[in-house]
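Undergrad: let me see the structure of the following:
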Amino acid sequence: MTLQELQAKVDELAAGNDALAAKNRELLGEVKTLKAKSKGGDIDPEQFAQLQNDNEHLKAELEKATKLSKSEIEKLTATLGTKDAALQNYLIDGGLTEALAKANIKTGLIGAAKALLKGQVQITDKDGNYQASIGDKSLADAITEWAATDEGKNFVNAPDNSGGGARGGAGGGVPSGDLGGGKADRLNAIKSKFPELAA
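TA: Model (predicted):
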């Protein structure tokens, strides 16, 4: 249930309570009038008794409606709070995880990056569309910018390159030298380097 639906329900319950209270006041006014008339002997005792019964019944209904509306409002507020928390968790945690992954943050550091950035994220409502953002930027844009900062660079995966033992270059990934070629070539190369193994 959205906040607007909750407000509509609260307004509906308040209007119902107001109507019961107005009817109660009306009946109380009639009872007072009848009491005043009864002192002069111009009232029917049965009519007076019926009005008193109606008044008591309406008072009971008003109390019941008031209790019910308070209980209903508390339930609706609790439900709305739970849904709001779930929505925020989805938008913030899910949004951060997605934005950090797109920014090429190291998998093992995504949790640390989320903890670092989560406090800066806010939820905004644009015409009923809830969005997570940091400052005036979308989450994706803000995280991309953060990943380029000195702090963020510590969290980013190094770009792929052919250095540091990675395969690359003109050899197409096939090792060259004495140990190149097929299995027989490699065995012969080992035997020539280590003649004692050939025996």
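Undergrad: pick out the residue nearest the middle of the protein.
TA: residue 87 (1.8 Å; Cα atoms, centre = their mean).
Undergrad: and it, which of the three is it?
TA: Secondary structure for residue 87, judged by DSSP: H, G, I helix; E, B strand; the rest coil, is helix.
Undergrad: who's in contact with it?
TA: 123, 130 (Cβ atoms under 8 Å, 6 or more residues apart in numbering). All C-beta spots, glycine's among them, are computed from the backbone N, C-alpha and C.
Undergrad: quick one, strands of this structure?
TA: Under the criterion DSSP state E, the chain carries strands at the ranges 121-126, 129-134, 137-138.
Undergrad: next one: the residue nearest to the centre of the chain from residue 95, what distance?
TA: According to Cβ to Cβ, to the nearest Å, residue 87 stands 11 Å off from residue 95.
Undergrad: how far away is the residue nearest to the centre of the chain from residue 106?
TA: From residue 87 to residue 106 the distance is 29 Å (Cβ to Cβ).
Undergrad: quick one: low-confidence ranges for this structure?
TA: 1-7, 34-44, 68, 160-181, 197-199 (pLDDT under 70).
Undergrad: apply 50 and report the result again.
TA: Along the chain, the model assigns pLDDT under 50 to residues 166, 168-176.
Undergrad: returning to what we had before: select, out of the strands of the chain, the one closest to residue 16.
TA: When the strands of the chain are compared by Cβ to Cβ, strand 121-126 sits nearest residue 16, at 29.2 Å.
Undergrad: contacting residues around the closest one?
TA: For strand 121-126, the surrounding residues in contact (Cβ under 8 Å, 6+ apart) are 87-88, 91-92, 95-96, 130-134, 139.
Undergrad: okay, now the sheet partners of it, with direction.
TA: Strand pairing for strand 121-126, determined by DSSP bridges: strand 129-134 (antiparallel).
Undergrad: for the strand it pairs with, buried residues please.
TA: 132-134 (16 or more other Cβ atoms under 10 Å).
Undergrad: hang on, the earlier thing: out of the contacts of strand 121-126, who's nearest residue 20?
TA: residue 87 (35.4 Å).
Undergrad: from residue 105, how far out is residue 54?
TA: Counting by Cβ to Cβ, the gap from residue 54 to residue 105 is 71 Å.
Undergrad: should've said residue 19
TA: In terms of Cβ to Cβ, residue 19 sits 59 Å off from residue 105.
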